[in-house]
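**Student:** Fold the following, please.
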Amino acid sequence: MSILQEFMNTTGFVSMTWGNLIMILIGIVFIFLAIKKDYEPLLLVPIGMGAIVGNIPTVPGMALSVYDDGSVLQYLYFGVSHGIYPPLIFLGIGAMTDFSTMLSNPRLVLLGAAAQVGVFLTFLGALGLGFSPEEAGAIGIIGGADGPTSIFLSSKLAPKLLGPIAIAAYSYMALVPVIQPPIMKLLTSRDERLIRMKPPRKVSTREKMIFPVAAFLICTMIAPGAIVLLGMMFFGNLLKESLVTERLAATARTAMIDIVTVLLGFCVGASTQADTFLTKQSLLIFGLGALSFAVATAGGVLFAKFMNLFLTDKINPLVGAAGVSAVPDSARVVQMVGQQEDPHNFLLMHAMAPNVAGVIGSAVAAGVLWAVLS
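**Tutor:** Next comes the predicted model:
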């Protein structure tokens, strides 16, 4: 009986708390949404399973969780806590991104910049709620809807808030098809949603090759803190566009980014232990993240309407919503909302321009915040 009692004391049932049960349930909901609703399954399945794994109570003295020195999960989590995985994700993003639509219509870059207003307004809001400047900067970047950038900046400015910030960023990325359409329809008229844009011009191979080097130099001279993220992204894009390193580009945009995505998602989920995650701060971060995402979407749409005051060749304001850097989901949402009004209006290629510009913009914003607040 004593042996049986000792065994029972080592099971998870003894130490299970209501908080652990809640987080396990949240992990199951994430998996359900990924499988049933197809909401970012490549992210939500690893995060959901990681949340379940991270909330099984462990035995005192056994190094098992991401927070236990010497545990296997802690070694895997090292890539998250020290900002190693995000640049590798950016390398893969660069290798799979075509900047042609952005180069063919450079004015659409402004929509990607306008969407970053959500980052800085949320930064001010977080300061008002009592967060430190470093924590407020890490929270604000959620508005860029860029999970890797949010993780990278959090690891530098607010490591203790990395878990809630990462979960908030990826949750809102997955919920793009739910959050954005109501805001887009509220801020635009039917006539505006029916605007058709001219097909983008054909971009030469030379332009595509020059762009990653030139864009990197310009962006990092403005925000040196973005060197790591943008350096890897434009390096990946150069591998793709140079036409002489296709094997490396194919590896970066397939096997490598898949491996890093699995590790990053699972480790982020495993870091959501109830005792460190279910706090008042986490709830505030989720609220601020939702506000940031909504403001970023609205900022892109409203700036497109503002630009139309001075343009003869009008921009469909829906395209402004793609300024958040949830690639390519926000561009797909623009296409979906546009075709609800006119099934023959194809906005996807136009929306990809502010979408990829938003990726660059969020990285630049993160570099500025890191430089100013570190």
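**Student:** helix, strand or coil for residue 95?
**Tutor:** Three-state assignment for residue 95 (DSSP: H, G, I helix; E, B strand; the rest coil): helix.
**Student:** okay, now it: neighbour count?
**Tutor:** Using other C-beta atoms under 10 Å, residue 95 has 27 neighbouring residues. (C-beta placed from N, C-alpha, C; glycine too.)
**Student:** Which neighbouring elements make contact with the helix or strand hosting residue 338?
**Tutor:** Assigned by DSSP states H and E, residue 338 belongs to helix 329-341. Judged by 3 or more C-beta pairs under 8 Å, 6 or more residues apart in numbering; DSSP states H and E, helix 329-341 is in contact with helix 176-187, helix 190-193, helix 348-373.
**Student:** Contacts for it next, please.
**Tutor:** 40, 145, 173, 176-177, 180-181, 184-185, 190, 193-194, 316, 318-319, 321-324, 345-348, 351-352, 355, 358 (C-beta atoms under 8 Å, 6 or more residues apart in numbering).
**Student:** CA-only coordinates of that helix in CSV, if you can.
**Tutor:** Extracted C-alpha coordinates of helix 329-341, given in CSV (Å, rounded to 0.1, in the frame of the first residue of the first chain):
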residue,chain,number,x,y,z
ASP,A,329,-4.2,35.3,-44.7
SER,A,330,-5.1,39.0,-44.6
ALA,A,331,-4.7,39.3,-48.4
ARG,A,332,-7.0,36.3,-48.8
VAL,A,333,-9.6,38.0,-46.5
VAL,A,334,-9.4,41.1,-48.8
GLN,A,335,-10.1,38.9,-51.8
MET,A,336,-13.0,37.1,-50.0
VAL,A,337,-14.7,40.4,-48.8
GLY,A,338,-14.2,42.0,-52.3
GLN,A,339,-15.7,39.0,-54.1
GLN,A,340,-18.8,39.0,-51.8
GLU,A,341,-19.7,42.3,-53.5
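**Student:** for that helix, what is the average pLDDT?
**Tutor:** The pLDDT scores in helix 329-341 average 91.
**Student:** Could you tell me the angle between that helix and helix 176-187?
**Tutor:** Interaxial angle of helix 329-341 relative to helix 176-187 (axes from the mean of the first three to the mean of the last three C-alpha atoms, to 10 degrees): 50 degrees.
**Student:** Which positions in helix 329-341 come out as buried?
**Tutor:** Buried residues in helix 329-341, counted by 16 or more other C-beta atoms under 10 Å: 329-338, 341.
**Student:** residues touching the spatially most central residue of the chain, list them.
**Tutor:** Taking C-alpha atoms, centre = their mean, the centroid of the chain lies closest to residue 146, which sits 2.0 Å from it. By C-beta under 8 Å, 6+ apart, residue 146 lies in contact with 169, 173, 325-326, 358-359, 362-363.
**Student:** Could you pull up the residues touching residue 295?
**Tutor:** Applying C-beta under 8 Å, 6+ apart, the residues contacting residue 295 are 117-118, 121-122, 143.
**Student:** Show me what the helix or strand encompassing residue 119 is in contact with.
**Tutor:** Per DSSP H and E, residue 119 falls inside helix 117-128. Identification of contacts with helix 117-128 by C-beta under 8 Å, 6+ apart yields 133, 135-137, 139-144, 284, 288-289, 291-297, 299, 324, 362, 365, 369.
**Student:** Stretch 91-101 too?
**Tutor:** The contact list for stretch 91-101, computed with C-beta under 8 Å, 6+ apart, reads 108, 200, 202-203, 208, 211-212, 232-240, 249-250, 252-253, 256-257, 260, 327, 349-350, 352-353, 356, 359.
**Student:** now do 7 Å
**Tutor:** Stretch 91-101 is contacted by residues 200, 203, 208, 211, 232-237, 239-240, 249, 252-253, 256-257, 327, 349-350, 352-353, 356, 359 when judged by C-beta atoms under 7 Å, 6 or more residues apart in numbering.
**Student:** quick one: which of the residues you listed sit in helices?
**Tutor:** Counting by DSSP state H, the part of the contacts of stretch 91-101 found in helices is 208, 211, 232-237, 239-240, 249, 257, 349-350, 352-353, 356, 359.
**Student:** sorry, back to before: any chance of a ChimeraX selection covering the buried ones in the contacts of helix 329-341?
**Tutor:** Filtering the contacts of helix 329-341 down to the buried ones (16+ other C-beta under 10 Å) takes a single ChimeraX command:
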select :40,145,173,176,177,180,181,184,185,193,316,318,319,321,322,323,324,345,347,348,351,352,355,358
